[in-house]
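Chemist: Okay, sequence plus prediction incoming.
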Amino acid sequence: MNMRNAIKTGVLVLAMGCLCACGSDYEMPDVVVDSEEEVISYSLVTAQVDDVVLTKSIDCIFEQTNAQEVSFDSTGKYVDKVYVREGQEVKKGDLLCELSSGALEEDIERLDYQVRRNELLLGYTDMDESLEIQDLYIAGIADADSVGSVEKRYDRQRQLLGDSLEFDRQELAEKRKELKASRVYAQMDGKVYKLKSRLEGSTTREAEVIMTIVDNSSALFTVQGVEDRDLFREGEPVNMKVSYSTASGDYILLPYEMDQWTDKMSFSIYTGPDGMTPEVGARGMITIPVESREQVLSIPLDVLHIAGDKAFVYTLSPENNREIRYVEIGLKGDERVEILSGLTEGEKVVKK
C-alpha cells in the first residue's frame, strides 16, 4: 500500500470509530470509499423508533359572512367627497362618501321654512275667521250674507294655503330624498375593502359596487365541498398556515357549526399571530392528520427506493460496498416510512 492510500485508510478507520461512539439518532457524515479508480461518498442515516404521520393539505379561503356592498342608486352624478380609505374601520352610520348636491341644502332649508310658515298661517285662519264673525255680531251687522261672505273668503284662503303647503311638502320630501341618495352611510360596523380607485371626482354608475364593508369578526375560513368532512370533529382544533397575507403565520382553527355544512366546510379562528386578522380573500392551507403510527421502527422517506412492488434501501457492507436490502414497509408518512421487516433499530442506511 502506498503512502497516499495508507493515510486515507487511517482517516477512514478513525472516522468510523468516532461515528460508532455516537447515539442512534445521529446522522452520520459522508463515508468515503477510496480505490485507485474512484472516490465514492455516502451519507448515512439510522433506522430508529419514531412516529410516522401522514397528513392531508386542504386549501381554504377567508370569507366574510356579514358584509355591505356599497353602491349608488343613480348614474351620471359627480362624486364630491370620499371620507374613508382602504382598510379603515367604520361604525354603523358613518358617512362614507357623498355626491355633489349643488344648492340642494339651500333648497331644503327654504322649503322647510315655507312649510312651517304656511302650517302656522293655516292654523291662524280658523281663529281669524271666528274673530271676524264675532266682530260682525258685536257691531250688530251680522246676517247670513255678511257671515257667508267671511266664511267664503276664509275657505278660499285655506284652500290656497293648503295647496301651497301640499306642494311644498312634496317638493321638500323629494329634495330630502335626493340629498339622502347623495350621501352613503355604513349600514354596519366593519372594515373597508375593495374601495374603488380614484373614486373621488369620478362619475357614478347605478348599482356599481364602489366598496365593501366587512365585519371581520364574523368572517370564517371556508373550504369548498364537504368530501373531507370525516377528517374533522366538532371542537377538535386543526392547524392552518397563511403564507401570502398581511397577517401571514400559523393559525389554529375550529370547525364551525358542522351540522350546517352542506356545500362547504367552515372554520373559525381559535388562535393566530398576535394582533393580526387576515384580510378577506386571504388563502390558507389546513394540515390534517389522516393516519399515524406511534413509536414504530422507521426511516426517512427519502432513503426508501421502490422498484415495481419491491421496496428496498441501500446499506454498506463491512467492506464499505453499497448493498441492496429489501424491506417490508407499513405506513408511508409525510417525512418517514414505517419498517415492518428487513431492518433493525440502529442499522445505518445510505441516503439517496
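Modeler: Structure's in. What do you need? Keep in mind that what you see is a predicted model, and the values were worked out from it rather than measured. Residues are numbered from 1 along each chain as shown.
Chemist: just checking, residue 87 touches residue 194?
Modeler: No. If you go by Cβ atoms under 8 Å, residue 87 and residue 194 don't touch, sitting 10.5 Å apart. For the C-beta atoms, the positions are set from N, CA and C on the backbone; glycine is no exception.
Chemist: Of those two, which one has the most company?
Modeler: More crowded of residue 87 and residue 194, by other Cβ atoms under 10 Å: residue 194, with 16 against 11.
Chemist: Could you report the distance from that one to residue 206?
Modeler: In this view, residue 194 and residue 206 are 18 Å apart by Cβ to Cβ, to the nearest Å.
Chemist: Report the rounded mean pLDDT for the strand or helix carrying residue 157.
Modeler: Using DSSP states H and E, residue 157 sits within helix 144-181. Across helix 144-181, pLDDT averages out at 90.
Chemist: in terms of contact count, name the helices or strands touching the helix or strand following it.
Modeler: Scanning forward in sequence from helix 144-181 by DSSP H and E, the next helix or strand is strand 183-185. Contacts defined by 3 or more Cβ pairs under 8 Å, 6 or more residues apart in numbering; DSSP states H and E place strand 183-185 against strand 95-99.
Chemist: in its sheet, what does the strand it packs on sit against?
Modeler: strand 79-82 (antiparallel), strand 183-185 (antiparallel) (DSSP bridges).
Chemist: Okay, buried residues for the shortest one please.
Modeler: If I follow you right, that is strand 183-185. Within strand 183-185, the residues that count as buried by 16 or more other Cβ atoms under 10 Å are residue 184.
Chemist: Residues in contact with that strand: which ones?
Modeler: If you take Cβ atoms under 8 Å, 6 or more residues apart in numbering as the criterion, strand 183-185 is touched by 70, 72, 93, 94, 95, 96, 97, 98, 99.
Chemist: Please list only the buried members of the residues you listed.
Modeler: Neighbour counting with 16+ other Cβ under 10 Å marks 70, 72, 94, 96, 97, 98, 99 as buried within those.
Chemist: In TSV: these, plus distance to residue 350 and pLDDT.
Modeler: Shown next, in TSV, are these (distance: Cβ to Cβ, whole Å; pLDDT from 0 to 100):
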residue	distance to residue 350	pLDDT
70	64	93
72	70	87
94	67	95
96	67	95
97	68	94
98	74	89
99	75	88
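Chemist: List just the nearest of those residues to residue 297.
Modeler: Distance to residue 297, by Cβ to Cβ, is smallest for residue 70 among the buried ones among the contacts of strand 183-185, at 61.7 Å.
Chemist: so the closest one makes contact with residue 214?
Modeler: No. Residue 70 is beyond contact range of residue 214, at 11.1 Å (criterion: Cβ under 8 Å).
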